[in-house]
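*Asks:* next come a sequence and a model predicted from it.
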Amino acid sequence: MTRGENAAHFDAALTGIVIESLTIAGPDVVREAQHWATGRRGPIVEDPNQLAGADLSAFATEAVLLGARALAATAQTSEARLLEQMLKEVGEKTEAASSKAAELTELAVKDASTAVVQVANDAKKAITEADQQSRKEFTAAVQGAKNDLSVEIRRLVGGDNPELLERLQPVLDKFGSGLETQVRTSTRELLERAAKQFDPTDPSSPMAKHAASLTAQQEKVTQQLEKNHGELAAKVDELTTMLKVQQAKTKLVNVTPIKGDSFEAQMHDLLRGMAAALGDEYVDTTAKVGHVPRSKKGDGVLTAAGCAHVVLEMTDSPRTGWGEYFDEAERNRGTIAAIGIVRSPEQNDGQSIRVLGPRRVVLAFDPNGDDPELLRTVVLLIRTVALAATSRTGTSEVTTAEEKIGEALAQLDRIAKVKKLANGIQKNAGTIDSECTGLNASIRRLLDEALVALAGSSAAPAPLTGVVSGAA
């Protein structure tokens with residue numbers, strides 16, 4: 001099937017998916033689609049005529065987006081679990097292999113030692129038997145030679161007068177006895193020395209030394225196996241820990257590429273508290289569609305003095321094109337100013353604070369570690385900008401307020417530079433913190449002066465100095 005014949009395929013730029021003809025008959029899908037007959041999710045529609053003419057483009061788009069995210073999250077979790085199971089199996093198999101190798105080595109050494117001892121015992125037994133047999137044979141040979149010698153001497157010199165024979169007989173007997181004793185002693189010493197060489201219980205024997213060498217080698221191999229197993233087990237544990245940390249971080253990742261539930265919820269709580277301290281109203285609009293059809297851009301709206309509206313957008317991931325995003329968010333929420341908040345400077349082009357215009361700021365702020373005073377200062381600044389934009393006081397007062405706001409924006413840029421220095425020079429943290437505190441106070445003073453300038457009409461709010469101090 002060619003690309004043009006596919007029911008669903010990529011577009012020419014490969015940046016989107018085109019669905020030309022696709023039928024999904026799942027009852028759950030059809031049931032959910034009945035909620036979207038009006039173009040957005042609402043009460044279920046049962047009227048066949050209304051369902052027949054319904055435009056389900058919004059439902060299909062939302063279903064595909066959510067389904068893709070769910071599939072990606074499920075796949076990542078499954079891969080992590082498979083990797084964790086694999087690591088667990090590697091650890092178990094490594095431990096089993098090490099134990100088995102140690103057992104086999106120990107068994108081989110024991111078998112070798114047993115064989116050596118058996119050979120030594122057999123050799124010793126054979127030597128002993130040979131000694132006994134040689135003694136018997138030698139004794140018999142000596143006795144036979146002695147008898148033969150006596151008979152021959154008796155025949156040669158005996159005659160009728162065996163006097164000479166009788167004199168020689170003691171000498172022959174002594175010679176035979178001495179020879180037998182000497183041979184027995186020499187043979188016994190020789191056999192004892194030979195047997196000693198095969199005795200494994202004698203530390204000086206070659207057999208005992210060989211057995212000791214085998215035992216030492218076995219212990220060395222066992223220690224090396226245990227060391228290797230320990231190192232491998234430590235690496236597996238370290239990798240498993242890293243995997244668990246990654247899984248924990250994955251659970252805190254955003255539900256969508258630009259929204260993070262945990263980060264977003266923390267920011268909503270902080271902003272609600274700040275708004276309450278200022279006497280303003282803050283509304284979480286994350287799940288609410290605004291003035292633009294099917295658009296939920298703009299996570300929160302701050303309303304100051306009942307007339308000035310500021311839209312806030314929180315994201316825990318890098319984003320480009322903040323200007324276009326703010327354009328739609330302001331239209332969607334009906335505001336005149338915008339604040340973007342990310343968790344780290346790395347998600348904000350390496351900057352702590354970026355001023356994108358007279359009424360737009362992107363701030364890097366981590367609710368788990370950063371000072372809320374920085375967030376409060378930025379909120380106060382943009383709030384004052386919004387009040388100035390909606391104020392109906394005289395031209396001179398508005399001009400004065402705008403001048404003060406411009407000075408405050410310049411101070412805000414200095415705060416960004418100071419925070420950047422603070423990240424690189426830890427030893428000057430006290431001085432930098434004092435500088436930041438002074439700049440915050442200076443910004444508040446300028447904002448108060450701007451509000452005083454705006455107070456020319458009765459509708460304008462009072463200065464914020466007292467309120468902010470109380471909130472702090």
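*Replies:* Structure's in. What do you need? Numbers count the residues shown, from 1 in each chain.
*Asks:* let me see the contact set for the residue nearest to S344 when sequence neighbours are not counted.
*Replies:* For S344, ignoring the flanking residues on the chain, the nearest one in space by C-beta to C-beta, 6 or more residues apart in numbering is A364 at 5.7 Å. For the C-beta atoms, the positions are set from N, CA and C on the backbone; glycine is no exception. By C-beta atoms under 8 Å, 6 or more residues apart in numbering, the contact list for A364 reads I341, V342, R343, S344, P345, Q347, N348, Q351, S352, I353.
*Asks:* could you measure from the fifth one over to I339?
*Replies:* Read that as P345. 16 Å (C-beta to C-beta, to the nearest Å).
*Asks:* equivalent analysis for the last one, please.
*Replies:* For I353, the distance to I339 equals 11 Å [C-beta to C-beta].
*Asks:* more neighbours, the two?
*Replies:* Regarding I353 and I339, a neighbour count based on other C-beta atoms under 10 Å identifies I339 as having more, with 25 against 22.
*Asks:* what's opposite that one in the beta bridge?
*Replies:* Beta bridges link I339 to L312, V361, judged by DSSP bridges.
*Asks:* got a pLDDT number for it?
*Replies:* pLDDT, I339: 95.
*Asks:* Q197 too?
*Replies:* For Q197, pLDDT reads 65.
*Asks:* still on that earlier bit, now the contacts of A364: which count as buried?
*Replies:* The neighbour-count test (16 or more other C-beta atoms under 10 Å) marks I341, V342, R343, P345, Q347, N348, Q351, S352, I353 as buried among the contacts of A364.
*Asks:* from the residues you listed, which land in strands?
*Replies:* I341, V342, I353 (DSSP state E).
*Asks:* the first one reaches M314, doesn't it?
*Replies:* Yes: under the contact definition of C-beta atoms under 8 Å, I341 touches M314, with a separation of 4.8 Å.
*Asks:* mind listing the shared neighbours of these two?
*Replies:* Residues touching both I341 and M314 by C-beta under 8 Å, 6+ apart: M267.
*Asks:* nearest to V183, of the ones in strands among the buried ones among the contacts of A364?
*Replies:* The nearest member of these to V183, counting by C-beta to C-beta, is V342 at 105.6 Å.
*Asks:* confidence score at the closest one?
*Replies:* 94.
*Asks:* show me the contact partners of stretch 340-351.
*Replies:* Under C-beta under 8 Å, 6+ apart, the answer for stretch 340-351 is 260, 263, 267, 312-319, 322, 325-326, 352, 354, 360-366, 375, 416, 420, 423.
*Asks:* dump it to CSV, restricted to CA.
*Replies:* Written as CSV, here are the backbone C-alpha positions of stretch 340-351 (Å, rounded to 0.1, in the frame of the first residue of the first chain):
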residue,chain,number,x,y,z
GLY,A,340,6.2,32.3,32.5
ILE,A,341,7.7,30.1,35.2
VAL,A,342,10.1,27.2,34.7
ARG,A,343,12.0,25.1,37.3
SER,A,344,15.6,25.8,36.4
PRO,A,345,17.7,28.3,34.4
GLU,A,346,18.6,25.5,32.0
GLN,A,347,15.0,25.5,30.9
ASN,A,348,15.1,29.3,30.4
ASP,A,349,18.1,29.6,28.0
GLY,A,350,20.5,29.6,30.9
GLN,A,351,18.9,32.8,32.4
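*Asks:* so which elements touch the helix or strand that H210 is a member of?
*Replies:* Using DSSP states H and E, H210 maps to helix 206-251. Contact analysis of helix 206-251 by 3 or more C-beta pairs under 8 Å, 6 or more residues apart in numbering; DSSP states H and E lists helix 57-157 as its packing neighbours.
*Asks:* quick one: mean pLDDT for the helix it packs on?
*Replies:* Average pLDDT, helix 57-157: 70.
*Asks:* ok, now stretch 441-459?
*Replies:* 70.
*Asks:* name the residues of that stretch that are buried.
*Replies:* For stretch 441-459, the neighbour count (16+ other C-beta under 10 Å) marks 443-456 as buried.
*Asks:* which one among those gets closest to A233?
*Replies:* Nearest member of the buried residues of stretch 441-459 to A233, counting by C-beta to C-beta, is I443, at 55.9 Å.
*Asks:* my guess is the closest one contacts L381. True?
*Replies:* Yes: using C-beta under 8 Å, I443 makes contact with L381 at a distance of 6.5 Å.
*Asks:* ok, which stretches of the stretch 351-472 of the chain are helices?
*Replies:* With helices called from DSSP state H, counting those that start in this stretch, the stretch 351-472 of the chain shows them at 372-390, 395-424, 429-454, 465-471.
*Asks:* what's stretch 285-298 in contact with?
*Replies:* Stretch 285-298 is contacted from outside by 39-40, 58, 259, 264, 268, 299-301, 311-313, 325, 328-335, using C-beta under 8 Å, 6+ apart.
*Asks:* can you select the buried ones from the residues you listed in PyMOL?
*Replies:* One line in PyMOL is enough to select the buried ones among the contacts of stretch 285-298; burial here means 16+ other C-beta under 10 Å:
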select buried, resi 259+264+268+299+300+301+311+312+313+325+329+330+331+332+333+335
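*Asks:* stretch 12-28 - what's its average pLDDT?
*Replies:* Mean pLDDT, stretch 12-28: 78.
*Asks:* cool, stretch 277-295 as well?
*Replies:* Mean predicted lDDT for stretch 277-295 stands at 90.
*Asks:* so how far does it reach from one end to the other?
*Replies:* Length of stretch 277-295, first residue to last, C-alpha to C-alpha, to the nearest Å: 30 Å.
*Asks:* in it, which residues are buried?
*Replies:* Residues of stretch 277-295 classed as buried: A277, L278, D280, Y282, D284, T285, G290 (neighbour count, 16+ other C-beta under 10 Å).
*Asks:* list the ones among these that fall in strands.
*Replies:* Y282, D284.
*Asks:* okay, now the domains of the protein?
*Replies:* Domain ranges of the chain: 3-85, 87-228, 261-471, per automatic domain parsing.
*Asks:* measure the closest residue to G357 other than its chain neighbours to E330 for me?
*Replies:* Nearest residue to G357, sequence neighbours excluded (C-beta to C-beta, 6+ apart): G323, at 7.8 Å. Distance from G323 to E330, counting by C-beta to C-beta: 11 Å.
*Asks:* can you check K110 too?
*Replies:* Distance of K110 to E330, given as C-beta to C-beta: 84 Å.
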